[in-house]
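In: Below are the sequence and a predicted model; questions follow.
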Amino acid sequence: MNRTALLIATAIGLALQLIMVVAGHFNGAIAGMFAIVGMLISLVAGVIYARRAQDSLGDAVLGGGLAGGLCALIGIAVSVALGDVAPTALVVGTMGSAVAGLIGGAVSRALPAPDL
């Protein structure tokens with residue numbers, strides 16, 4: 001597993017999660033989309049990990065799941081601390097986001113990199 005890619009993907013995912021959580025704290029419409037947008041952010045973190053790491057499919061899946069789960073865990077913990085979601089969301093949301101990151105890592109490795 002590529003530690004640098006994991007740190008970068010997790011940091012980007014965490015920054016996006018925190019932006020979403022803070023915005024949702026002040027805007028109920030955003031808070032209503034926490035689950036969907038949070039998992040989408042974790043999926044993106046998984047894609048970022050897989051693209052940066054250039055590892056095997058197994059490593060891309062594992063690293064994508066870790067990046068997606070870690071950024072969600074911290075973001076959800078902040079949301080729980082702010083009183084915006086129930087503490088049970090910490091477990092359920094982290095698991096769902098880890099699966100989303102895993103899918104992002106797998107799909108990213110299965111598809112060719114875009115030519116930029």
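Out: On my side now, so go ahead. Residues are numbered from 1 along each chain as shown.
In: OK, contacts around the closest residue to Leu82 other than its chain neighbours?
Out: Counting by C-beta to C-beta, 6 or more residues apart in numbering, His25 is the residue found nearest to Leu82 once chain neighbours are left out, at 5.2 Å. Using the backbone N, CA and C atoms, a C-beta is placed for each residue, glycine as well. Residues in contact with His25 (C-beta atoms under 8 Å, 6 or more residues apart in numbering) are Ala31, Ser79, Leu82, Asp84.
In: mind checking pLDDT for the second one?
Out: Reported pLDDT at Ser79 in the predicted model: 97.
In: Let's see the pLDDT reported for the residue nearest to the spatial centre of the chain.
Out: With distances taken as C-alpha atoms, centre = their mean, Ser42 lies nearest the centre of the chain, 1.9 Å away. At Ser42, the pLDDT value in this model is 98.
In: Tell me how far it lies from Gly105.
Out: Using C-beta to C-beta, to the nearest Å, we find Ser42 at a distance of 10 Å from Gly105.
In: what sits in contact with each of the two?
Out: What both Ser42 and Gly105 touch, as defined by C-beta under 8 Å, 6+ apart, is the set Ala67.
In: The residue nearest to Leu82 in helix, strand or coil?
Out: Look at His25: counting by DSSP: H, G, I helix; E, B strand; the rest coil, its state is helix.
In: Now Val78: closest residue in space that isn't a chain neighbour?
Out: Leaving aside its sequence neighbours, Val78 sits nearest to Val21 (C-beta to C-beta, 6+ apart; 5.2 Å).
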